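K.L.:
Just to be clear, the model below is a prediction. Sequence and coordinates:
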Amino acid sequence: MKTKRKKKRKTLPKEAAMKGPNALQPLEIPIHSPASTAKFSGVLAELGKFEPKLPKGILIPALTGDPGAEIPDAEPEPVYDLRARSNIQGNTIPGFNKDHQHFVFFRLGNIRRAKAWLRWIAPLISSMEEVLAWVRAFRAMRLRLGAEPPTCAAWVNIAFSRRAIELLVDKAAAAAFGDQSFRQGLAARSTYLGDPSKATHPGHRRKWVVGGPRNEADVLVIVAADDPEDLVTLVHTIKLRAAASNLRLLFEQRCDTLPGPLHGHEHFGFKDGVSQPGVRGKISAARGDFITPRYIDHTDARARIFAKPGQLLLWPGQFLLGEPRQHPEHPYNSAPAAAPSPPAPAPRNYPAWAALGSYLVCRRLRQDVPAFWKFAIGAASALGIPAQKFASMLVGRWPSGAPIMRTPGADNAALAGDEWANNHFIFNDATRPSVLRPIAGYAGDAFPQAAQDMLANVCPHFAHIRKTNPRDIATDLGKPHDSMLRMILRRGIPFGMPLVGVKKPSKKLLSQERGLMFICYGSTIEEQFEFLTRRWANSPIQPNFGGHDPIIGQRDRRGARTRFIAFPTAAGTRLIRLKSEWVIPTGGGYFFSPPIEAIAGVLGA
Ligand code: N7H
């Protein structure tokens, strides 16, 4: 007997509460319609043109410190002496920021031999001292030359999983790490992060190239270089020594910044790495010798919380274990550092040898560029706006990196290239110009300031940069400075060949994999990376109602993954379903990046 199959009722997300006369009209966008496919190549080719225009004649000052940048009566910031600077890994602070990077994931074999390998690699690990000294020398040389100096560096960093710490030190040491997410690992947290729960989905953890339940890495080595040949040589040496020490190579990923005008952009075509928090702290007790250069004059009250316009200053304990943390009630002041465990009664937080280390989140995220742009083209034509404008509203910045808050009508490459202007905006109030310290050759920020956007008509609540950094808006957590506790240091880099900028991509190019090796550092995974992902990006109602983050937001209800955005238009809000996905998790891991002394001294001992 034939049973009548119940037709599945299409329901809109419950959270949207779409009842009554003001019900939002859902807009269905066919992604693979012939019209959007035809326009796709045109948009793609266009995208290669959006290069930020660096202001001419200005040379970013060498980071030698500016005594005048010191703020009278401000709480003194910690000084990182040579020993501390030599102990902190350089990709955490100040960050490698190199064009070519290679990520190597290992599984431990014989522990005695692995320890010998760790003692071998420890002197290769690049410290904050080394990287910062190089950056300072590079900038000083650029100032003298008036051009990019022809110098190259190659750097190595290392990080360990909870299992590695258990095997190399002991179970008690691994258990002393207070961060539950780190102890459980990324694979165990995957569903909690909204990753696909259906085993047939390409983003399901069992399909990951690394970091799934059956291929979790113990050790992650990050190698970075200016010169690709240096990178290859260094990676080769590390792999040879590892193989000889019985470490199993699980996976490796070569990453490169995109070529030509796309330098610094991610695969959808948008400039990345524009907004980063500034880390408080000094390199010496000398006046103005700050880790993060300060550009705002102390006569402007914002110098107390911003390093340069829009760059919030955070106490280093947000990124380094054992350092003064951000005060939850006060934007300028520090809160006492978390104590190592024991001594009681301090909460158990990390073993004493882990001080100055940092948690590292690695997510290998595949990007489906055609799916993203076909969706953007389809939705934009249904709304009657240009595709680039629509896509920029999904991100919150134009392809060049210019913030839509400051230039809502069109992209502005000059604004994107001006590092004192491109991050200077808030959402709830009109932005006022900052009073800057003198910068040779810089005439000041003459771009139109951002108007207030409390209703999120310019930069929608769902926009990726508004979700992940709500700036001055009150959130579900409370006051804006609670959001400061969630900030992360992002160190991602793309992998794979670009599609954007290519006029007629071949089938082969279209079929190749590309994406972002997302890396971030923080002093907790749970309260920073996971919080941003779960509580804000994945939620259509937090920090404010408006839909899911269309870039990284995920939703998984027993395998159903439809998301939505509430798109502001002149005629009211349109509800747009995001039926397909363009950022798919394909691997990664939760690691701990230890202080350098502990690599040979504890883990390799
Ligand atoms: Fe995002 N994108 O191309 O749209 N991101 N991101 N991100 N992201 C940012 O300000 C992108 C990812 C953050 O302070 C920009 O540097 C893509 C994860 C944060 O204003 C662009 C992927 C997380 C910020 C992108 C991806 C974050 C930020 C603007 C994945 C973790 C700073 C450029 C493939 C929570 C917000 C910039 C601020 C900015 C994109 C991943 C977080 C263009 C494609 C997993 C905190």
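P.N.:
Happy to help now that I have it.
K.L.:
Please make it C-alpha for all contacts and neighbour counts, starting now.
P.N.:
Will do.
K.L.:
How about the spatially most central residue of the chain: which residues does it bridge to?
P.N.:
When CA atoms, centre = their mean is applied to the chain, the residue found nearest the centroid is Arg490 (3.3 Å). Beta-bridge partners for Arg490, by DSSP bridges, are Cys520.
K.L.:
residues touching it, list them.
P.N.:
Shown in contact with Arg490 (CA atoms under 8 Å, 6 or more residues apart in numbering): 273, 276, 518-521.
K.L.:
can you do 10 Å?
P.N.:
Going by CA atoms under 10 Å, 6 or more residues apart in numbering, Arg490 touches 91-92, 95, 272-273, 275-277, 360-361, 518-522, 529.
K.L.:
same deal with Gly264?
P.N.:
Gly264 neighbours (CA under 10 Å, 6+ apart): 51-52, 97, 99, 256-258, 270-274, 400-401, 493-494.
K.L.:
Most neighbours among these, please name it.
P.N.:
Highest neighbour count within those: Gly401, with 31 neighbours (other CA atoms under 10 Å).
K.L.:
if I look at that one, how far off is Glu130?
P.N.:
Separation of Gly401 from Glu130 (CA to CA, to the nearest Å): 29 Å.
K.L.:
ok, back up a step: filter the contacts of Gly264 down to the ones in strands?
P.N.:
Using DSSP state E, the subset of the contacts of Gly264 located in strands is 256, 493-494.
K.L.:
ok, and the closest non-adjacent residue to Ala74?
P.N.:
Arg304 (7.5 Å; CA to CA, 6 or more residues apart in numbering).
K.L.:
Count the neighbours of the one you found for me.
P.N.:
21.
K.L.:
Model confidence score at it, please.
P.N.:
On the pLDDT scale, Arg304 is placed at 95.
K.L.:
now do the one 3 residues further on
P.N.:
Ala307 is assigned a predicted lDDT (pLDDT) of 95.
K.L.:
just Pro123 next, same as before
P.N.:
As predicted, Pro123 sits at a pLDDT of 98.
K.L.:
Use 30 as the first number from now on
P.N.:
From this message on, residue numbering opens at 30, which makes the last subject Pro152.
K.L.:
sec struct for it, please.
P.N.:
helix (DSSP: H, G, I helix; E, B strand; the rest coil).
K.L.:
Please verify my assumption that it contacts Ile187.
P.N.:
No: Pro152 sits out of contact with Ile187 when judged by CA atoms under 10 Å, with a separation of 11.5 Å.
K.L.:
Now list whatever residues contact both of these two.
P.N.:
With CA under 10 Å, 6+ apart as the test, Pro152 and Ile187 both reach 625, 628.
K.L.:
Please list the residues of this structure that sit near the ligand.
P.N.:
Contact residues (CA under 6 Å from any ligand atom) of the chain with the ligand: 295, 297, 299-305, 394, 396, 424, 494, 497-498, 545, 558, 561-562, 580-581, 612.
K.L.:
Please flag which of those residues sit within strands.
P.N.:
Going by DSSP E, the strands hold 394, 396, 545, 612 from these.
K.L.:
Show the contacting residues for the residue lying closest to Asn362 once chain neighbours are set aside.
P.N.:
Excluding the flanking residues, the one nearest Asn362 by CA to CA, 6+ apart is His356, at 5.6 Å. Going by CA under 10 Å, 6+ apart, His356 touches 343-344, 362-365, 510-511, 513-514.
K.L.:
and if we set it to 7 Å?
P.N.:
Each residue near His356 by CA atoms under 7 Å, 6 or more residues apart in numbering is listed here: 362-364.
K.L.:
just the buried members of the residues you listed?
P.N.:
Buried by 16 or more other CA atoms under 10 Å: 362-363, out of these.
K.L.:
export the contacts of His356 to a markdown table and tack on distance to Val529, secondary structure and pLDDT?
P.N.:
As requested, the contacts of His356 are exported to a markdown table (distance: CA to CA, whole Å; DSSP: H, G, I helix; E, B strand; the rest coil; pLDDT from 0 to 100):
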| residue | distance to Val529 | secondary structure | pLDDT |
| --- | --- | --- | --- |
| Asn362 | 44 | coil | 83 |
| Ser363 | 43 | strand | 86 |
| Ala364 | 45 | strand | 81 |
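K.L.:
neighbour-wise, which of Pro152 and Ile187 wins?
P.N.:
Neighbours around Pro152 and Ile187, counted as other CA under 10 Å, are more numerous at Ile187. The numbers are 27 against 14.
K.L.:
Quick check: next helix or strand after the helix or strand harbouring that one?
P.N.:
Using DSSP states H and E, Ile187 falls within strand 183-189. Next along the chain after strand 183-189, taking DSSP H and E as the criterion, comes helix 191-197.
K.L.:
will you turn the ones in strands among the contacts of Gly293 into JSON lines that also has distance to Arg235?
P.N.:
Converted to JSON lines, those look like this (distance: CA to CA, whole Å):
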{"residue": "Asp285", "distance to Arg235": "27"}
{"residue": "Ile522", "distance to Arg235": "24"}
{"residue": "Pro523", "distance to Arg235": "23"}
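K.L.:
JSON lines for those, including pLDDT?
P.N.:
Output for the ones in strands among the contacts of Gly293, formatted as JSON lines (pLDDT from 0 to 100):
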{"residue": "Asp285", "pLDDT": "98"}
{"residue": "Ile522", "pLDDT": "98"}
{"residue": "Pro523", "pLDDT": "98"}
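K.L.:
Quick check: of the residues you listed, which lies closest to the ligand?
P.N.:
Pro523 (8.5 Å; CA to the nearest ligand atom).
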